[in-house]
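no FASTA, just this:
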DNA sequence: ATCATTCATGAAAACCTTTACATCATTGCA
DNA sequence: TGCAATGATGTAAAGGTTTTCATGAATGAT
């Protein structure tokens, strides 16, 4: 350990000729200390290069000023942009962020809980859509640490949630297609398992109902949100021979799959088919045709979630149990007028 | 603070009828304790739900088992994939990772150093390409904490480095173009500032020299690695009217810009121009034409860097001061035979 | 002048571990 | 049997803060 011994609060106290209590106060509650003493302390700190030992402080105060972020896939671009918002807000308030990549592995989820139970983290941001395995079981219910769910809500547990308004966004997206004259609109990416997909499907249905368009079940295709599932879904439509004039895809990754499939079949996009995505991930503007989609305010989502969590940590009752941010329609080239 | 008071080592000791020292040993050095006592302790731990307080332990042991990762842009896809490797390896060895988004802001970099100086992190992974502002100045040189640079080497400081072999990768990429019959090959993305760009340009030059092709300075264009810079570079070539048959781009983002520009001018790719990238970021396979590129072993880079850092922390001399991993040629559709 | 407040400071406890050292019992060997 | 060596456990110190409570000085009011 090359790290030579660091100055402690005692060194500062000695140099300033005061007690350690005074030094501590001079740092944390400057008004409670006489001007002159404060000056001496400040100088002593500068001279010794003192910086307070976070471990000792955390031990004493029983809080670490750390937030644990649990995500199934840290590499996911949708995640990493929200992370920026989370980190920005946390660091602004003096908190650090610890990240845990769970890969949906129960063992890893449980393992990460040690950060909470050992006081290494004060709160939790959850991207997983469920309580970490090991929580909420065996009556430990009451002990849940402060936490906020992002992106995927947590069913059957009242965990505050921050995310985009999927229902409303999907409705707007579908209405945009309708406004362009489309009436046979497919929904690609139905899923019983994922809440997000379900909400987007609801929005889609709502828009169609609102326009008096009846739903053709053959135009609703399952998918898990991957590019591959989008490709497969498009292929399936050709097999079934029930074709839409527009595809509303549950997310951009899926939309990309649809585009790849249609391009491979040498259709002229968007003249022959319109495609609408959801998310606005980075490459959506680069695909050909560039993707018309609903943009998630990712940075803002991260900020809002962290704000909410910090409120919780401060002991305040959260303003609201759920914050839904609006998605914004981004018009590019993949949707065009029909008829 | 709903968190009811947690069990301490004393509670366990009392329940097991032993001293706290014995409990500590039973946990950390099980062999040093009699079988029977160990059993009693284990049971007491289970009964109390005890988990050791990381703060107290860290305070005492003067190490936090945390690694701080400093990156200019946490949202960057190239970063986030390496992060997965870093995190995987760290968590395997019982370390947590703390992330700091510096945005190249000196103030933020300095701020993050408090994690190091306050013992909240034992080591540092650096993506920034330079020592954090506030380090290495004023003779504090000797105090540098254990750290490893990733992606961007740190000039003028012997910081161990892990990254892809940019020179060799660029050479292989360029040779691939040459092998396809290209002789007028542009290099897009020269930069005086970025070491990575410089190395890739060197590899490019080496390959041309090796094939006895003289370099046309008009085919070497500046760029900062963004998609926009790629677009601008392509446009510039048309203005200059010195056209290549193939573009070797310093990275995939740049290549994408070139493709966008050429597509906009309605060239038939790859028939009229070949494009080669570097990095293999996620959307490279989805662009039209899909991008032939050099794939960075991102996950492996993360793992190797973390391994190296943990070795350093364990006090071992690192095997090597620099680990260069090979980039792999990924052949897709953007490069085709010329002539 | 007296007394109650207020203000600035200090002493010491508490936060929860790990570990050096001491103690005592047991074992092994001559 | 006697003594050294080994093994298991306990006591107490140390790690560096924050904060309660006590103390004493200074201020203000009567």
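Done, it's in. Note that this is a predicted model, so its numbers are computed, not measured.

going forward, measure contacts between C-alpha atoms and count neighbours the same way
Fine.

now name the helix or strand holding the residue nearest to residue A:56 when sequence neighbours are not counted.
Nearest non-adjacent residue to residue A:56, counting by Cα to Cα, 6 or more residues apart in numbering or on different chains: residue B:59, 5.9 Å away. Using DSSP states H and E, residue B:59 sits in helix B:54-61.

list the buried ones in that helix?
Residues of helix B:54-61 classed as buried by neighbour count (16 or more other Cα atoms under 10 Å in any protein chain shown): B:54, B:55, B:56, B:58, B:59.

ok so, going back, if I look at the residue nearest to residue A:56, how far off is residue A:282?
For residue B:59, the distance to residue A:282 equals 43 Å [Cα to Cα, to the nearest Å].

need the contact list for the residue nearest to residue A:56.
By Cα atoms under 8 Å, 6 or more residues apart in numbering or on different chains, residue B:59 lies in contact with A:55, A:56, A:59.

per-residue confidence for the residue of the stretch 101-250 of chain A found nearest DNA strand C?
For the stretch 101-250 of chain A, the residue closest to DNA strand C is residue A:118, as judged by Cα to the nearest atom of the strand, at 7.7 Å. Looking at residue A:118, its pLDDT reads 90.

helices or strands up against the helix or strand bottoming out on mean pLDDT in chain A?
The helix or strand of chain A with the poorest confidence is helix A:106-117; it has a mean of 91 (mean pLDDT, DSSP states H and E). Applying 3 or more Cα pairs under 8 Å, 6 or more residues apart in numbering or on different chains; DSSP states H and E, one finds that helix A:106-117 makes contact with strand A:66-71.

pretty sure residue A:235 sits against residue A:259.
No: using Cα atoms under 8 Å, residue A:235 is not in contact with residue A:259; the gap is 11.0 Å.

which one's more surrounded, these two?
residue A:259 (30 against 16; other Cα atoms under 10 Å in any protein chain shown).

quick one: pLDDT of residue A:60?
96.

roughly how far apart are it and chain B?
Using Cα to the nearest Cα, to the nearest Å, one obtains 9 Å as the distance from residue A:60 to chain B.

for residue A:189, give me phi and psi.
phi 120, psi 30 (degrees, to the nearest 10).

try residue A:322
Main-chain dihedrals, residue A:322, degrees, to the nearest 10: phi -150, psi 130.

quick one: it from DNA strand D, how far?
31 Å (Cα to the nearest atom of the strand, to the nearest Å).

same question for residue A:258.
Counting by Cα to the nearest atom of the strand, the gap from residue A:258 to DNA strand D is 57 Å.

cool, residue A:339 as well?
69 Å.

surely that residue meets residue A:178?
No: the pair residue A:339 and residue A:178 fails to qualify as a contact (Cα under 8 Å) at a distance of 11.4 Å.

quick revisit: what comes up buried for the least confident helix or strand of chain A?
If you call a residue buried by 16+ other Cα under 10 Å, then helix A:106-117 has these buried ones: A:108, A:109, A:111, A:112, A:113, A:114, A:115, A:116, A:117.

next, the angle from it to strand A:66-71.
Calculated by axes from the mean of the first three to the mean of the last three Cα atoms, to 10 degrees, helix A:106-117 forms an angle of 170 degrees with strand A:66-71.

count the neighbours of residue A:182 for me.
Around residue A:182 there are 22 other residues, counting by other Cα under 10 Å.

oh, I was asking about residue A:191
Residues within reach of residue A:191, counting by other Cα under 10 Å, total 17.

so what's the residue count around residue A:77?
Counted with other Cα under 10 Å, residues neighbouring residue A:77 total 18.

show me how far stretch A:186-199 is from its chain's centre.
18 Å (Cα atoms, centre = their mean, to the nearest Å).

rounded mean pLDDT for it, please.
Across stretch A:186-199, the per-residue pLDDT values average to 94.

what are the buried residues along that stretch?
By neighbour count on 16+ other Cα under 10 Å, the buried set for stretch A:186-199 is A:186, A:187, A:188, A:189, A:190, A:191, A:195, A:196, A:197, A:198, A:199.

likewise for stretch A:124-140?
Buried residues in stretch A:124-140 (16+ other Cα under 10 Å): A:124, A:125, A:126, A:127, A:128, A:129, A:130, A:131, A:132, A:133, A:135.

and the closest residue to DNA strand D within the stretch 201-339 of chain A, how far from DNA strand C?
Ranked by Cα to the nearest atom of the strand, the top residue of the stretch 201-339 of chain A for proximity to DNA strand D is residue A:314, at 13.4 Å. From residue A:314 across to DNA strand C, the span is 19 Å (Cα to the nearest atom of the strand).

any idea of the pLDDT on that residue?
89.

same check, this time on residue A:148
With respect to pLDDT, residue A:148 has a value of 96.

before we move on, back to that, near DNA strand D too, which of the contacts of residue B:59?
By Cα under 7 Å from any atom of the strand, the members of the contacts of residue B:59 lying near DNA strand D are A:56, A:59.

tell me the one among the contacts of residue B:59 nearest to residue B:278.
Top of the list for closeness to residue B:278, among these and by Cα to Cα, is residue A:55 at 43.1 Å.

ok, now which ones touch the closest one?
Residue A:55 sits next to A:64, B:55, B:56, B:58, B:59, B:118, B:119, B:120 when contact means Cα under 8 Å, 6+ apart.
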